[in-house]
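**Q** Show me the folded form of this:
(one chain, ligands or ions: 1)
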Amino acid sequence: MRMRLDKFLSAQGLSRKQARAAIASGQVLVNGEVQGDPGFILDPISAQVLFQGRALGYRRHMHLMLHKPAGLLTATTDARQKTVMDLLPEELKRRALGPVGRLDKDVTGLLLLTDDGQLAHRLISPKWTVEKVYLARVEGALDATDIQAFQAGIALSDFTARPARLEILEPDLGRLTITEGKFHQVKRMFAARGKPVLRLHRESVGGVSLDSALECGKFRPLTAEEEGALYALVRMER
Ligand code: URA
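**A** Numbers count the residues shown, from 1 in each chain. So this is what the prediction gives:
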(Lines give C-alpha, C1' and ligand atoms only; values in the text may rest on other atoms or scores of the structure.)
Protein backbone atom coordinates (compact mmCIF):
# COMPACT_ATOMS: atom_id res chain seq x y z
CA MET A 1 0.00 0.00 0.00
CA ARG A 2 1.30 3.49 -0.87
CA MET A 3 0.07 6.83 0.37
CA ARG A 4 1.04 10.51 0.38
CA LEU A 5 2.33 11.84 3.70
CA ASP A 6 -0.27 14.62 3.92
CA LYS A 7 -3.06 12.12 3.27
CA PHE A 8 -1.61 9.82 5.91
CA LEU A 9 -1.70 12.64 8.48
CA SER A 10 -5.29 13.53 7.51
CA ALA A 11 -6.25 9.92 8.12
CA GLN A 12 -4.95 10.40 11.68
CA GLY A 13 -7.37 13.25 12.29
CA LEU A 14 -5.44 16.35 11.13
CA SER A 15 -7.05 18.61 8.53
CA ARG A 16 -5.20 18.86 5.22
CA LYS A 17 -4.12 22.40 6.20
CA GLN A 18 -2.82 21.31 9.61
CA ALA A 19 -1.02 18.39 8.02
CA ARG A 20 0.75 20.59 5.51
CA ALA A 21 1.68 23.12 8.19
CA ALA A 22 3.07 20.35 10.42
CA ILE A 23 5.15 18.96 7.56
CA ALA A 24 6.40 22.42 6.48
CA SER A 25 7.52 23.25 10.03
CA GLY A 26 9.61 20.09 10.33
CA GLN A 27 7.46 18.44 12.99
CA VAL A 28 6.99 15.23 11.06
CA LEU A 29 9.58 12.46 10.97
CA VAL A 30 9.29 9.49 8.66
CA ASN A 31 11.49 6.53 9.52
CA GLY A 32 13.64 8.71 11.71
CA GLU A 33 14.13 11.65 9.32
CA VAL A 34 12.38 14.99 9.05
CA GLN A 35 10.21 14.87 5.98
CA GLY A 36 9.28 18.24 4.49
CA ASP A 37 7.49 17.08 1.36
CA PRO A 38 3.72 16.65 1.77
CA GLY A 39 3.70 14.53 -1.37
CA PHE A 40 6.27 12.10 0.04
CA ILE A 41 5.05 8.56 -0.65
CA LEU A 42 5.12 6.02 2.16
CA ASP A 43 3.78 2.63 3.05
CA PRO A 44 1.28 3.45 5.79
CA ILE A 45 1.46 0.03 7.38
CA SER A 46 5.22 -0.24 7.78
CA ALA A 47 6.37 3.40 7.94
CA GLN A 48 7.24 4.84 11.34
CA VAL A 49 5.77 8.30 11.49
CA LEU A 50 6.33 10.66 14.40
CA PHE A 51 4.39 13.90 14.80
CA GLN A 52 5.65 16.19 17.57
CA GLY A 53 7.47 13.15 18.92
CA ARG A 54 4.31 10.98 19.02
CA ALA A 55 4.05 7.80 16.96
CA LEU A 56 1.17 7.72 14.52
CA GLY A 57 -0.18 4.63 12.90
CA TYR A 58 -2.46 4.28 9.95
CA ARG A 59 -5.27 1.99 10.96
CA ARG A 60 -7.08 0.04 8.32
CA HIS A 61 -9.30 -1.30 11.04
CA MET A 62 -10.57 -0.11 14.37
CA HIS A 63 -10.57 -2.22 17.53
CA LEU A 64 -11.92 -1.18 20.90
CA MET A 65 -11.95 -2.69 24.34
CA LEU A 66 -15.18 -2.10 26.22
CA HIS A 67 -15.79 -2.61 29.92
CA LYS A 68 -19.26 -4.07 29.56
CA PRO A 69 -21.71 -3.28 32.32
CA ALA A 70 -24.50 -5.67 33.29
CA GLY A 71 -27.88 -4.98 31.70
CA LEU A 72 -26.88 -4.50 28.07
CA LEU A 73 -27.27 -7.00 25.25
CA THR A 74 -24.22 -8.02 23.25
CA ALA A 75 -25.62 -7.26 19.81
CA THR A 76 -25.28 -4.56 17.19
CA THR A 77 -28.99 -3.70 17.24
CA ASP A 78 -32.10 -4.79 19.05
CA ALA A 79 -35.68 -3.66 18.53
CA ARG A 80 -36.50 -3.41 22.23
CA GLN A 81 -33.44 -3.51 24.42
CA LYS A 82 -30.32 -1.43 24.78
CA THR A 83 -27.15 -2.95 23.36
CA VAL A 84 -23.46 -2.43 24.00
CA MET A 85 -23.37 -0.27 20.86
CA ASP A 86 -25.44 2.34 22.74
CA LEU A 87 -22.29 3.10 24.76
CA LEU A 88 -20.49 4.41 21.67
CA PRO A 89 -20.64 7.98 20.34
CA GLU A 90 -22.41 8.59 17.01
CA GLU A 91 -19.23 8.76 14.92
CA LEU A 92 -18.20 5.32 16.11
CA LYS A 93 -21.69 3.88 15.71
CA ARG A 94 -21.40 4.70 12.03
CA ARG A 95 -18.38 2.41 11.66
CA ALA A 96 -19.04 -1.25 11.02
CA LEU A 97 -17.93 -2.24 14.51
CA GLY A 98 -19.26 -5.44 16.00
CA PRO A 99 -18.66 -7.40 19.19
CA VAL A 100 -16.16 -10.27 19.24
CA GLY A 101 -18.29 -13.06 20.64
CA ARG A 102 -20.99 -12.53 23.21
CA LEU A 103 -21.31 -11.80 26.88
CA ASP A 104 -24.69 -12.53 28.45
CA LYS A 105 -26.78 -9.55 29.50
CA ASP A 106 -25.89 -9.96 33.19
CA VAL A 107 -22.17 -10.57 32.55
CA THR A 108 -19.61 -7.78 32.95
CA GLY A 109 -16.04 -7.25 31.79
CA LEU A 110 -13.96 -7.29 28.66
CA LEU A 111 -15.76 -7.14 25.34
CA LEU A 112 -13.72 -6.48 22.21
CA LEU A 113 -15.31 -4.60 19.33
CA THR A 114 -13.79 -4.61 15.87
CA ASP A 115 -14.61 -3.77 12.28
CA ASP A 116 -12.33 -6.56 11.05
CA GLY A 117 -14.76 -9.42 10.50
CA GLN A 118 -12.08 -11.98 9.83
CA LEU A 119 -10.27 -11.15 13.06
CA ALA A 120 -13.54 -11.42 15.00
CA HIS A 121 -14.32 -14.71 13.36
CA ARG A 122 -10.96 -16.23 14.20
CA LEU A 123 -10.95 -14.99 17.78
CA ILE A 124 -14.21 -16.80 18.49
CA SER A 125 -13.57 -19.87 16.36
CA PRO A 126 -12.73 -22.95 18.48
CA LYS A 127 -10.12 -23.76 15.85
CA TRP A 128 -7.81 -21.03 17.12
CA THR A 129 -8.08 -21.99 20.82
CA VAL A 130 -8.05 -18.40 22.04
CA GLU A 131 -8.02 -18.27 25.83
CA LYS A 132 -10.82 -16.41 27.59
CA VAL A 133 -10.49 -15.81 31.30
CA TYR A 134 -13.49 -15.36 33.59
CA LEU A 135 -13.97 -14.58 37.26
CA ALA A 136 -16.94 -16.46 38.62
CA ARG A 137 -18.60 -15.93 41.99
CA VAL A 138 -20.51 -19.10 42.70
CA GLU A 139 -22.96 -20.57 45.14
CA GLY A 140 -21.22 -23.14 47.31
CA ALA A 141 -17.53 -23.81 47.83
CA LEU A 142 -15.07 -24.71 45.09
CA ASP A 143 -12.55 -27.45 45.76
CA ALA A 144 -9.88 -29.61 44.15
CA THR A 145 -12.49 -31.95 42.61
CA ASP A 146 -13.76 -29.00 40.55
CA ILE A 147 -10.26 -28.25 39.31
CA GLN A 148 -9.88 -31.87 38.24
CA ALA A 149 -13.32 -32.06 36.64
CA PHE A 150 -12.74 -28.90 34.60
CA GLN A 151 -9.30 -30.16 33.62
CA ALA A 152 -10.77 -33.49 32.48
CA GLY A 153 -13.53 -31.80 30.43
CA ILE A 154 -17.01 -31.33 31.82
CA ALA A 155 -19.73 -33.31 30.02
CA LEU A 156 -22.74 -31.12 29.28
CA SER A 157 -26.01 -32.34 27.77
CA ASP A 158 -25.01 -31.54 24.18
CA PHE A 159 -21.21 -31.46 24.21
CA THR A 160 -18.16 -32.07 26.36
CA ALA A 161 -16.30 -28.92 27.22
CA ARG A 162 -12.62 -28.82 26.38
CA PRO A 163 -10.21 -29.04 29.30
CA ALA A 164 -10.35 -25.81 31.26
CA ARG A 165 -8.14 -24.35 33.98
CA LEU A 166 -9.71 -23.41 37.30
CA GLU A 167 -7.89 -21.43 39.93
CA ILE A 168 -9.63 -21.08 43.29
CA LEU A 169 -9.16 -17.55 44.62
CA GLU A 170 -11.67 -17.72 47.47
CA PRO A 171 -13.92 -20.63 48.42
CA ASP A 172 -16.71 -19.18 46.25
CA LEU A 173 -14.60 -17.29 43.70
CA GLY A 174 -12.85 -18.98 40.79
CA ARG A 175 -10.83 -17.88 37.81
CA LEU A 176 -11.65 -20.08 34.83
CA THR A 177 -9.74 -20.17 31.55
CA ILE A 178 -11.53 -21.71 28.57
CA THR A 179 -10.67 -21.91 24.88
CA GLU A 180 -14.15 -22.04 23.42
CA GLY A 181 -17.26 -19.98 23.92
CA LYS A 182 -20.49 -21.85 23.50
CA PHE A 183 -23.78 -20.36 24.65
CA HIS A 184 -23.77 -19.87 28.47
CA GLN A 185 -20.72 -22.09 28.59
CA VAL A 186 -19.15 -20.94 31.84
CA LYS A 187 -22.47 -20.85 33.68
CA ARG A 188 -23.30 -24.32 32.41
CA MET A 189 -19.92 -25.69 33.44
CA PHE A 190 -20.22 -24.46 37.03
CA ALA A 191 -23.89 -25.52 37.19
CA ALA A 192 -22.81 -29.02 36.16
CA ARG A 193 -20.66 -29.08 39.31
CA GLY A 194 -23.66 -28.07 41.42
CA LYS A 195 -22.19 -24.60 42.01
CA PRO A 196 -24.24 -22.16 39.98
CA VAL A 197 -22.70 -18.85 38.95
CA LEU A 198 -23.97 -15.82 40.83
CA ARG A 199 -21.79 -13.26 39.06
CA LEU A 200 -19.58 -13.55 36.02
CA HIS A 201 -16.93 -11.14 34.77
CA ARG A 202 -14.51 -11.55 31.85
CA GLU A 203 -10.95 -10.51 32.56
CA SER A 204 -9.19 -11.23 29.27
CA VAL A 205 -9.39 -12.56 25.72
CA GLY A 206 -6.39 -13.87 23.83
CA GLY A 207 -3.99 -12.44 26.41
CA VAL A 208 -5.50 -8.95 26.18
CA SER A 209 -6.70 -7.95 29.65
CA LEU A 210 -9.37 -5.51 30.60
CA ASP A 211 -7.62 -2.24 31.44
CA SER A 212 -8.03 -1.71 35.19
CA ALA A 213 -8.26 2.05 34.54
CA LEU A 214 -11.28 1.58 32.28
CA GLU A 215 -14.46 2.31 34.22
CA CYS A 216 -17.50 0.15 33.72
CA GLY A 217 -19.38 1.35 30.61
CA LYS A 218 -16.28 2.98 29.07
CA PHE A 219 -14.19 1.96 26.09
CA ARG A 220 -10.81 2.75 24.59
CA PRO A 221 -8.98 1.80 21.38
CA LEU A 222 -6.63 -1.14 21.66
CA THR A 223 -2.99 -0.16 21.87
CA ALA A 224 -0.72 -1.15 18.98
CA GLU A 225 0.74 -3.90 21.20
CA GLU A 226 -2.66 -5.35 22.10
CA GLU A 227 -3.78 -5.20 18.49
CA GLY A 228 -0.55 -6.83 17.30
CA ALA A 229 -0.86 -9.61 19.88
CA LEU A 230 -4.38 -10.53 18.74
CA TYR A 231 -3.46 -10.57 15.04
CA ALA A 232 -0.37 -12.67 15.78
CA LEU A 233 -2.38 -15.10 17.88
CA VAL A 234 -4.68 -15.95 14.98
CA ARG A 235 -1.92 -15.74 12.37
CA MET A 236 -3.25 -12.73 10.51
CA GLU A 237 -1.43 -9.81 8.92
CA ARG A 238 -2.51 -6.36 10.05
N1 URA B 1 -20.09 -18.01 29.62
C2 URA B 1 -21.32 -17.67 30.03
O3 URA B 1 -22.01 -18.47 30.63
N4 URA B 1 -21.75 -16.44 29.76
C5 URA B 1 -21.04 -15.51 29.12
O6 URA B 1 -21.50 -14.41 28.91
C7 URA B 1 -19.74 -15.88 28.70
C8 URA B 1 -19.29 -17.13 28.96
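**Q** Can you give me the pLDDT of Met1?
**A** Per-residue confidence (pLDDT) for Met1: 65.
**Q** count of neighbours near Ile41?
**A** By other C-beta atoms under 10 Å, 12 other residues sit near Ile41. C-betas here are computed from N, CA, C, even on glycine.
**Q** Now do it against the ligand, distance only.
**A** Applying C-beta to the nearest ligand atom, to the nearest Å, the value for Ile41 to the ligand is 46 Å.
**Q** does that residue have beta-bridge partners, and which?
**A** Ile41 forms beta bridges with Arg4, as assigned by DSSP bridges.
**Q** how much space between it and Leu5?
**A** For Ile41, the distance to Leu5 equals 8 Å [C-beta to C-beta, to the nearest Å].
**Q** Any stretches of this structure with poor pLDDT?
**A** 1, 45-46, 58-60 (pLDDT under 70).
**Q** how about Gly101, what does it touch?
**A** 74, 111-112, 120, 123-124, 132, 181, 205 (C-beta atoms under 8 Å, 6 or more residues apart in numbering).
**Q** So in that sheet, which strands flank the longest strand that the chain contains, and in what orientation?
**A** When the chain is parsed with DSSP state E, its longest strand is strand 197-205. Looking at strand 197-205 with DSSP bridges, its partner strands are strand 108-114 (parallel), strand 132-138 (antiparallel), strand 208-209 (antiparallel).
**Q** buried set for it?
**A** Buried positions in strand 197-205, judged by neighbour count with 16 or more other C-beta atoms under 10 Å: 197, 200-203, 205.
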